Every structure is written in structure tokens, then in C-alpha cells.
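Enquirer: next input, structure requested:
(2 chains)
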Amino acid sequence: KQEVTQIPAALSVPEGENLVLNCSFTDSAIYNLQWFRQDPGKGLTSLLLIQSSQREQTSGRLNASLDKSSGRSTLYIAASQPGDSATYLCAVGRVGSARQLTFGSGTQLTVLP
Amino acid sequence: NAGVMQNPRHLVRRRGQEARLRCSPMKGHSHVYWYRQLPEEGLKFMVYLQKENIIDESGMPKERFSAEFPKEGPSILRIQQVVRGDSAAYFCASSEAVPLNEQFFGPGTRLTVL
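Expert: Next up is the predicted model:
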């Protein structure tokens, strides 16, 4: 059974700082990994999707990496802004049940102005 | 290009009533997923549907819950005889066919059972 863990559960940083969010998963037979952000009371916004054959993906100030062998992914946010404050979720699609995403419990990020 | 649409956004039901949650996928998407987020818990997969077919319902409670995605119209998640423990946010997502499988989520329906 796939388990996804995100550390830390909460993070508070001053504006302008670069930061890294961590995601680990127990079963390395993954199909893909997706990072989302969730604002309070809202739905999920897809940030980045990494296929199992890829090592990283970039979008603007965001960079996500994937190391299947160690069961880890990181989301790097450069030059953080108060608008980045949200909960960041990591989700894994597993081989054999790729369409069923398994979510971590998220990292709640606060960027202080 | 409208995203995934869900309605209602908020739904209040009394114990024993039925709840119907609707989801219209993004244009061009033929795969729909339902997830549930219980208070203070993470999102959990419930069911995956394609048009007129349930593909994977391994996360769906065996009783009182059902889902459909008819040939015409939105996908429906139906909860019969609701109980307080059904209070949660229910999210729908949609995607195109493999191999990309990037899932796009709707704003959710927040169900409160009194």
C-alpha cells in the first residue's frame, strides 16, 4: 500500500526566501507525481506533474524533482511571496492503479511580508 | 476554457436525507475522479469513472454511496441516508487519457450533515 508523507507539516518564512518542501513515498513503482496547492476553502490547483521517467520539472519560480529510487520528491520555491501562502500537496499515481492518486497530508506554507 | 465545475458548492442535509453532488469535467476530458477530504485529514480517492463505466471504485464505501457518469450530462456522486460522518469536502477531478494523466480539480462541494 502506497503511503505519502510530507515534511514539514507547517512552514513559515519571510518574503524573498527560497524554500524546499519535501515529499516521500513508500512504493517506488510510481507512474507519476503531481504537486498541487490548495488555498483555504478552495479546490486544488495543479502546479507540476512529473512522469516517472523524468527527474525534474520547472514552471516559473517552481522546480520539482523526483528521485524514484529513494522515494523522494522536492518542490523548490524561489523568491517566495506572500501570495505563495497555501497548503502544498504531493500526490502519487502508482503503476497498476495510476489513475488513483495517493495524497500526502500537505505542508502549510506561510510567507510573511 | 472552463475548468472542472462542481455544484452545489455547499450542501446541507439532515441525517437520513440524500445528497447529490454534480461534476462537469473540463472540455475534452472523458475521465472523472471523486475524492473526499474529511476534516483534519488528507484527500482520499473514492472512484474513477469513464463515460457510462465505473473503472475503479476501490475507495468508495460499500453502502450508501454510488457514482455515475452518463453518456450525457455531469457525473453524479450520490450519498443515501447521510450520517454526520459523511460531512466532508468532496472534490471531483478530470483528465484526458493516458499517458499524461494530469488531474485537474474542481472547487469542491462542502457537505454538512446536521
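Enquirer: and the contacts of the worst-scoring helix or strand of chain A on mean pLDDT?
Expert: Lowest on mean pLDDT, DSSP states H and E among the helices and strands of chain A sits strand A:97-103, with a mean of 82. The contact list for strand A:97-103, computed with Cβ atoms under 8 Å, 6 or more residues apart in numbering or on different chains, reads A:2-4, A:25, A:31-32, A:34, A:89-94, B:31, B:33, B:35, B:42-45, B:48, B:55-56, B:58-59, B:95, B:98, B:101, B:103. For the C-beta atoms, the positions are set from N, CA and C on the backbone; glycine is no exception.
Enquirer: let's see 6 Å
Expert: A:2, A:4, A:31, A:89, A:91, A:92, A:93, B:42, B:43, B:45, B:48 (Cβ atoms under 6 Å, 6 or more residues apart in numbering or on different chains).
Enquirer: retrieve the pLDDT associated with residue A:28.
Expert: Note for residue A:28: predicted pLDDT of 86.
Enquirer: how close does it get to chain B?
Expert: Distance from residue A:28 to chain B, counting by Cβ to the nearest Cβ, to the nearest Å: 18 Å.
Enquirer: enumerate the residues of chain A near chain B.
Expert: A:43, A:44, A:46, A:49, A:99, A:100, A:103, A:105 (Cβ under 6 Å from any Cβ of the partner chain).
Enquirer: strand partners (parallel or antiparallel) of the helix or strand of chain B with the lowest mean pLDDT?
Expert: The helix or strand of chain B with the poorest confidence is strand B:53-56; it has a mean of 92 (mean pLDDT, DSSP H and E). According to DSSP bridges, strand B:53-56 has the following sheet partners: strand B:43-50 (antiparallel).
Enquirer: hang on, the earlier thing: most surrounded residue in the residues of chain A next to chain B?
Expert: Neighbour counts for those, by other Cβ atoms under 10 Å in any protein chain shown, peak at residue A:44, which reaches 26 neighbours.
Enquirer: for that one, list each beta-bridge partner.
Expert: According to DSSP bridges, beta-bridge pairing links residue A:44 with residue A:38.
Enquirer: thinking it is in contact with residue A:35, fair?
Expert: No. Applying Cβ atoms under 6 Å as the test, residue A:44 and residue A:35 come out as separate, 10.0 Å apart.
Enquirer: assign residue A:83 to helix, strand or coil.
Expert: On the three-state scheme (DSSP: H, G, I helix; E, B strand; the rest coil), residue A:83 is labelled helix.
Enquirer: measure it to residue A:61 for me?
Expert: 11 Å (Cβ to Cβ, to the nearest Å).
Enquirer: for residue A:106, same thing?
Expert: 19 Å.
Enquirer: ok, so of the residues of chain A next to chain B, who is nearest residue A:77?
Expert: residue A:46 (15.5 Å; Cβ to Cβ).
Enquirer: lovely, talk soon.
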